[in-house]
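Participant: fold the stuff below for me.
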Amino acid sequence: PRSTLFPYTTLFRSGRVTTIGQEAFSGCKLLTTATLGSEVRTIGYRAFYGCAELSEIVLPDNVTELTTKSYSDEAQTFADCVALTKLTIGKKLAKMGDNVFYGCTALKSVTISEGCSFIGNGFFNGCTKLASLTLPSTLEAIGNFAFYKCTALTNIIIPDNVLSIGSEAFFGCTAMTEATIGDGVTSVGQEAFKDCSKLQTVHVGKDVKTLGYQAFANCTVLNNINLTDRITTFDTKAYSDRAETFLNCTSLKTIVLGKRVSTMYEGAFSGCTSLATVEIHDGCEVIGTQCFYGCTSLNSIDIPESVTSIGGEAFYGCKKLATATIGDGVTTIGASAFSGCETLSSLTLAVGLTAIGYRAFYGCKALKSVELPDYLTDFPAKAYSDNSEAFAQCTSLTKVILVKRIANMGDGVFSGCTNIAQIEIKDGCKVIGGKCFNGCDKIQTIVNNWVELPETAANAFSTHTAALYVPKESFATYKATETWSKIGTIATI
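Facilitator: Numbering: from 1, shown residues only. As a prediction, the model looks like this:
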């Protein structure tokens with residue numbers, strides 16, 4: 001019967017048959033109808049593979065398993081049955097291999113009986129005509145790739161009994177506009193809804209704890225999603241810290257993060273260009289690298305005291321960000337964290353901040369003042385470089401106070417800040433790095449309270465017209481030191 005010359009168009013299996021073996025009717029291209037007996041319990045690997053004229057199949061209630069090829073996860077029971085339009089699945093099916101209906105490109109009508117508990121990996125993979133179906137309340141899991149590129153599927157309601165949604169389960173369902181994730185679901189797999197380009201609304205069930213890597217990436221019209229308080233993790237790609245959960249969700253406008261999210265891993269909301277409002281609850285501890293990279297509509301951010309670190313490029317290029325309040329728990333701000341935030345005019349730094357990374361606030365052109373906290377010790381340089389440039393090109397900055405604990409300063413921290421007029425150096429500041437104030441030629445006064453001269457690079461200042469004020473007991477020492485004497489006039493405080 002495996003021959004493509006199988007002369008019959010109709011197959012009837014009597015009630016005495018319990019097993020259909022692997023590849024039993026594979027490639028029977030004339031077969032249009034197959035009626036399976038009520039006692040059939042197992043159907044083998046590729047049993048009806050490539051039956052190109054088969055238009056309807058009913059899996060009886062007693063079918064429990066669609067078996068795999070030896071040493072493989074593949075079942076492909078009805079794969080490439082390209083004329084199959086109608087399918088009924090009985091209530092006892094619970095075990096199956098992968099890609100059972102893979103490539104059944106004409107499949108439109110699917111009935112899954114109450115009692116069915118599992119939809120396997122790749123079950124409807126590539127069923128491009130499947131527009132709608134109702135999942136039974138007894139369903140417990142949806143496998144990886146289960147509805148991969150079902151490009152006609154318009155919506156999905158996942159029952160409350162389901163516990164998990166597999167990786168890429170609804171990847172590329174480009175007609176889907178709405179998804180409801182049941183209250184029993186605890187995890188949404190990686191890339192589960194990635195590239196669902198018409199997905200507008202997602203209702204997230206109350207028990208969801210984990211959203212996988214790129215779970216909703218490139219859902220470009222997604223504008224409504226509720227992130228519940230039970231969500232704890234934006235999961236990452238294997239062997240990586242990349243999350244990119246909502247990467248390039250360009251219509252997303254508001255996000256309220258639940259209080260149990262402790263770490264927002266890399267790129268979680270990167271490229272969400274319409275995101276204007278973000279609410280981060282107390283309890284979050286880490287804002288990862290590129291978390292809000294390129295969120296060009298974000299206008300303010302209030303980082304709670306529970307956060308201890310802000311990753312590199314976390315808010316890079318947020319061009320409309322005008323106000324940033326950084327909670328007192330933050331100790332480090334990563335490289336380029338706020339670089340290119342050209343409308344940032346109000347900045348409150350954490351009291352406990354100890355390190356500001358390479359180009360952390362580079363090019364924040366609207367920033368007029370910044371109060372460096374007393375615990376700040378470090379302006380680290382870029383890897384394999386001497387450059388820090390933490391506030392370089394902040395062209396509206398008018399006054400700088402260097403605090404008493406600064407012990408490490410890479411080059412160019414305030415270089416190109418062309419409107420700085422006043423500098424105060426507190427007693428205890430240990431170092432002023434190379435090109436620190438290079439190009440700051442409008443400096444009028446420098447008040448240096450440090451009796452002992454800080455370690456100062458020869459090219460720290462480019463100005464020669466400033467008035468330098470120093471402690472009386474150190475006047476002679478400053479005057480005799482070329483780096484300081486060439487700044488301009490020197491007088492005592």
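Participant: distance of Y358 relative to Q76?
Facilitator: From Y358 across to Q76, the span is 53 Å (C-beta to C-beta, to the nearest Å). Any C-beta I mention is one placed from the backbone N, CA and C, and that applies to glycine too.
Participant: show me which of these two is the more surrounded one.
Facilitator: Set Y358 next to Q76 and count neighbours by other C-beta atoms under 10 Å: Q76 wins out with 27 against 24.
Participant: please tell me the pLDDT value assigned to the more buried one.
Facilitator: pLDDT recorded at Q76 is 97.
Participant: K108 now?
Facilitator: Reading off the confidence values, K108 has pLDDT 95.
Participant: can you check T10 too?
Facilitator: 56.
Participant: likewise for K29?
Facilitator: K29 is assigned a predicted lDDT (pLDDT) of 89.
Participant: can you check G283 too?
Facilitator: G283 carries a pLDDT value of 89.
Participant: now do the buried residues in stretch 323-340.
Facilitator: 324, 326-340 (16 or more other C-beta atoms under 10 Å).
Participant: can you tell me which of these is nearest L397?
Facilitator: Minimum distance to L397 across the buried residues of stretch 323-340 is 13.6 Å, recorded for F338 (C-beta to C-beta).
Participant: so how far is Y316 from the closest one?
Facilitator: In terms of C-beta to C-beta, F338 sits 7 Å off from Y316.
Participant: ok, now G21?
Facilitator: Applying C-beta to C-beta, the value for G21 to Y316 is 59 Å.
Participant: looking at those two, which is more packed in?
Facilitator: Neighbours were counted for G21 and for Y316 using other C-beta under 10 Å; Y316 has more, 24 against 12.
Participant: wouldn't the more buried one be in contact with S336 here?
Facilitator: Yes. The pair Y316 / S336 is scored as a contact, 5.3 Å apart, by C-beta atoms under 8 Å.
Participant: I'd like to know how many residues surround the closest residue to N144 other than its chain neighbours.
Facilitator: Using C-beta to C-beta, 6 or more residues apart in numbering and skipping residues adjacent in sequence, the residue nearest N144 is G166, 3.8 Å away. Here the count is done by other C-beta under 10 Å, and G166 has 25 residues near it.
Participant: report the buried residues of stretch 269-287.
Facilitator: Buried residues in stretch 269-287, defined by neighbour count with 16+ other C-beta under 10 Å: 269-276, 278, 280, 283-284, 286-287.
Participant: show me where pLDDT drops low in this protein?
Facilitator: Per-residue confidence for the chain (pLDDT under 70) gives these ranges: 1-15.
Participant: remind me, longest helix of it?
Facilitator: Longest helix in the chain, counting residues (DSSP state H): helix 475-480.
Participant: and the residue lying closest to L252 once chain neighbours are set aside, how close does it get to C318?
Facilitator: Nearest residue to L252 in three dimensions, chain neighbours excluded: C272, at 5.0 Å (C-beta to C-beta, 6+ apart). C272 sits 10 Å away from C318, going by C-beta to C-beta.
Participant: mutual contacts of those two, please.
Facilitator: Shared contacts of C272 and C318, defined by C-beta atoms under 8 Å, 6 or more residues apart in numbering, are found at F292, G294, C295.
Participant: my read is that the second one contacts K320, right?
Facilitator: Read it as G294. No. Under the criterion of C-beta under 8 Å, G294 is not in contact with K320, lying 11.5 Å apart.
Participant: CA atoms of stretch 295-311 as CSV?
Facilitator: C-alpha atoms of stretch 295-311 as CSV (Å, rounded to 0.1, in the frame of the first residue of the first chain):
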residue,chain,number,x,y,z
CYS,A,295,13.0,54.3,23.0
THR,A,296,12.8,57.6,21.3
SER,A,297,9.4,58.6,22.8
LEU,A,298,10.3,58.0,26.4
ASN,A,299,10.0,61.3,28.2
SER,A,300,10.8,60.5,31.9
ILE,A,301,12.1,57.7,34.0
ASP,A,302,12.0,57.2,37.8
ILE,A,303,14.3,54.5,38.9
PRO,A,304,13.4,53.1,42.3
GLU,A,305,15.8,52.7,45.2
SER,A,306,15.8,48.9,44.9
VAL,A,307,17.8,49.1,41.6
THR,A,308,21.6,48.7,42.2
SER,A,309,22.9,49.0,38.6
ILE,A,310,22.0,50.4,35.3
GLY,A,311,23.6,48.6,32.3
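Participant: which residues in the stretch 1-150 of the chain form strands?
Facilitator: Counting by DSSP state E, counting those that start in this stretch, the stretch 1-150 of the chain has strands at residues 10-12, 19-20, 33-35, 42-43, 56-59, 65-66, 86-89, 95-96, 109-112, 118-119, 141-142.
Participant: mind putting the ones you listed into TSV with mean neighbour count?
Facilitator: Compiled in TSV, the strands of the stretch 1-150 of the chain are given as follows (neighbours: other C-beta atoms under 10 Å):
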stretch	mean neighbour count
strand 10-12	14
strand 19-20	19
strand 33-35	16
strand 42-43	21
strand 56-59	19
strand 65-66	21
strand 86-89	19
strand 95-96	20
strand 109-112	17
strand 118-119	21
strand 141-142	22
